[in-house]
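Visitor: okay, predicted coordinates and the sequence, questions at the end:
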Amino acid sequence: MAPRMRQSLAGVGLRDMARGWRWAARPPVPRSAQPHQPPPLAREFPTSWARTPAMRAARVAALEFGMRPMLDANLSLSVAGLDAIEGLRTPAVFVSNHSSHLDAPLLLCALPRKVLDHTAVAAAADYFFDSWWRGLGTAFLFATVPIERRGGSPSTAPADLLADGWNLIIFPEGTRSKDGQLARFRFGAAHLAITCGVPVVPVGIRGSFGAMPRGRAWTIPGRPGVSVRFGRPMHPVDTDIRSFTSRIFAEVSRLMDEDATSWWDSLHAAPALSPTPARSARSPQKAHWRRVWEATEPVGSARTASPWNAARRGPAGSGEGVQASSR
């Protein structure tokens, strides 16, 4: 054995070498040497059964008497802005920021029952429909529409649902935020609203990243505060998808600021009309730890309360949600 190899293996036992060897697979091939693979075909996972009258009734019951008490027991939830959607007479696209798996259940449980009954969630097909059991559970609880994030032919299911009178919840960031901050918006929600002629309802969610960030199976202890704030419906003024996406991004960001400060302060702190997060030219971008620290700032008060207290949620079917958190 060459002296240089002996020196490199000095102090390395057979057990250490065995741990690093790929016993069950061939050595990895560099990506540059791999043959070209065409994009995968869109997977078909039928979910129309989850939107039948019987399944709708079962789903609303599961959310009202299962999911909502569970959220109330583990979170201090506040809902604001429901008066903004009381006058909705047409289907709408609800657009929200996305930083936790809690976002979809929080948004659904915050909706009035008459809106919840005809509301579906757009979910990533490669994540929630990669197995039959996960797909069935997701379709039943959220009446989901599978959306391909890795290319392929676009699905017509979202437009068909809006034409049938259903509302649709879309997270235009495409995935959960890694630091809790608002990321770039994709153009799908704006394109869908313009094509189908429906309004967009912006929604700002705060506290879900700190309550259940990536890597956690459930919420942190202590009933952390989480807030859901609805904005007024937005209508496109023209067919410019990029411009409408910028308006939606700015309004979602403003709703998050309004919840953290006040309505007046949020107007002055509103970002420029850009589908990407604004950044000052005079200062460097915030460090990752700083963005995470800001996203985990406590929301409201984590007071102890019974999840079955009807006074906190308002009368059944009123859609008033939980009382606004005190500051």
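Guide: Thanks, I have it. Residues are numbered from 1 along each chain as shown.

Visitor: P202 contacts V228, doesn't it?
Guide: No - the pair P202 / V228 is not scored as a contact, 11.7 Å apart, by CB atoms under 8 Å. Using the backbone N, CA and C atoms, a C-beta is placed for each residue, glycine as well.

Visitor: kindly list the longest helix within the protein.
Guide: As assigned by DSSP state H, the longest helix anywhere in the chain is helix 241-260.

Visitor: quick one: average pLDDT of it?
Guide: Here helix 241-260 scores 90 as its mean pLDDT.

Visitor: stretch 37-55 now?
Guide: In this model, stretch 37-55 has an average pLDDT of 77.

Visitor: end to end on it, go ahead and measure it.
Guide: One end of stretch 37-55 sits 39 Å from the other (CA to CA, to the nearest Å).

Visitor: swap in stretch 161-171?
Guide: Stretch 161-171 end-to-end distance (CA to CA) = 17 Å.

Visitor: who touches it?
Guide: Contacts with stretch 161-171, where a contact means CB atoms under 8 Å, 6 or more residues apart in numbering, come from 51, 91-98, 103-104, 107-108, 115, 118-122, 145, 158, 188-189, 192, 196, 198.

Visitor: kindly report the same for stretch 133-148.
Guide: 42-43, 45, 47, 49-51, 55-56, 58-59, 62-63, 67, 104, 108, 119-126, 128-129, 154-155, 157-158, 161, 168, 188.

Visitor: please identify the buried residues of that stretch?
Guide: G135, T138, A139, F140, L141, F142, A143, T144, V145, P146, I147, E148 (16 or more other CB atoms under 10 Å).

Visitor: what about the protein, any weak spots by pLDDT?
Guide: 1-28, 31, 38-44, 150-156, 260-298, 300-327 (pLDDT under 70).

Visitor: which parts of it are strands?
Guide: 76-80, 93-96, 119-124, 145-147, 167-170, 200-206, 225-230 (DSSP state E).

Visitor: so which elements touch the first one?
Guide: Here strand 76-80 is seen to pack against helix 103-110, strand 225-230 when contacts are counted using 3 or more CB pairs under 8 Å, 6 or more residues apart in numbering; DSSP states H and E.
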